[in-house]
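Participant: structure for this input, please:
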Amino acid sequence: KMIGIKKVQGGGLRDSFLVDGVAFKKTFSYAGFEQQPKAFTNPKILLLNIELELKSERENAEIRLDDPAQYQSIVDAEWNIIYEKLDHCVKSGA
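Facilitator: Predicted coordinates for the structure are as follows:
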């Protein structure tokens, strides 16, 4: 087995424990956080190595268009890429 040590500020040596699995320390601070469940039973976890957001390439790319409708087709194509990635996530069962 691979064992990693995660140090968290506070507590004492006797507060340490072994987690059989994977442990994450994530600070959540968003509207509605208090109403969200803090523990999950048999969660489905999806690990991604892709981004699920549109990247702003406006600074690094130049596109010359003759018709404003062409711009909308580019935006639609970007969103279709995101929806396709999300569809693969859903079909994975996670």
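
Participant: run through who's touching stretch 64-81.
Facilitator: For stretch 64-81, the external contacting residues (Cβ atoms under 8 Å, 6 or more residues apart in numbering) are L54, I63. Heads up, the C-betas are built off the backbone N, CA and C, glycines and all.

Participant: what about that stretch, average pLDDT?
Facilitator: For stretch 64-81, the mean pLDDT works out to 85.

Participant: buried stuff in that stretch?
Facilitator: Within stretch 64-81, no residue qualifies as buried by neighbour count (16 or more other Cβ atoms under 10 Å).

Participant: with just CA atoms, put whichever helix or strand N80 is part of into PDB.
Facilitator: According to DSSP states H and E, N80 maps onto helix 68-91. Extracted C-alpha coordinates of helix 68-91, given in PDB (Å, rounded to 0.1, in the frame of the first residue of the first chain):
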ATOM      1  CA  PRO A  68     -22.200  38.000 -36.800                       C
ATOM      2  CA  ALA A  69     -24.000  34.700 -37.000                       C
ATOM      3  CA  GLN A  70     -20.600  33.000 -37.500                       C
ATOM      4  CA  TYR A  71     -19.600  34.200 -34.000                       C
ATOM      5  CA  GLN A  72     -22.600  32.500 -32.500                       C
ATOM      6  CA  SER A  73     -21.800  29.300 -34.300                       C
ATOM      7  CA  ILE A  74     -18.300  29.400 -32.700                       C
ATOM      8  CA  VAL A  75     -19.800  29.900 -29.300                       C
ATOM      9  CA  ASP A  76     -22.300  27.100 -29.900                       C
ATOM     10  CA  ALA A  77     -19.400  24.800 -30.900                       C
ATOM     11  CA  GLU A  78     -17.600  25.600 -27.700                       C
ATOM     12  CA  TRP A  79     -20.600  24.800 -25.600                       C
ATOM     13  CA  ASN A  80     -21.200  21.500 -27.500                       C
ATOM     14  CA  ILE A  81     -17.700  20.400 -26.500                       C
ATOM     15  CA  ILE A  82     -18.600  21.100 -22.800                       C
ATOM     16  CA  TYR A  83     -21.900  19.200 -23.100                       C
ATOM     17  CA  GLU A  84     -20.200  16.300 -24.800                       C
ATOM     18  CA  LYS A  85     -17.700  16.000 -21.900                       C
ATOM     19  CA  LEU A  86     -20.500  16.200 -19.400                       C
ATOM     20  CA  ASP A  87     -22.400  13.500 -21.300                       C
ATOM     21  CA  HIS A  88     -19.400  11.200 -21.100                       C
ATOM     22  CA  CYS A  89     -19.300  11.900 -17.300                       C
ATOM     23  CA  VAL A  90     -23.000  11.000 -16.900                       C
ATOM     24  CA  LYS A  91     -22.600   7.800 -19.000                       C
END
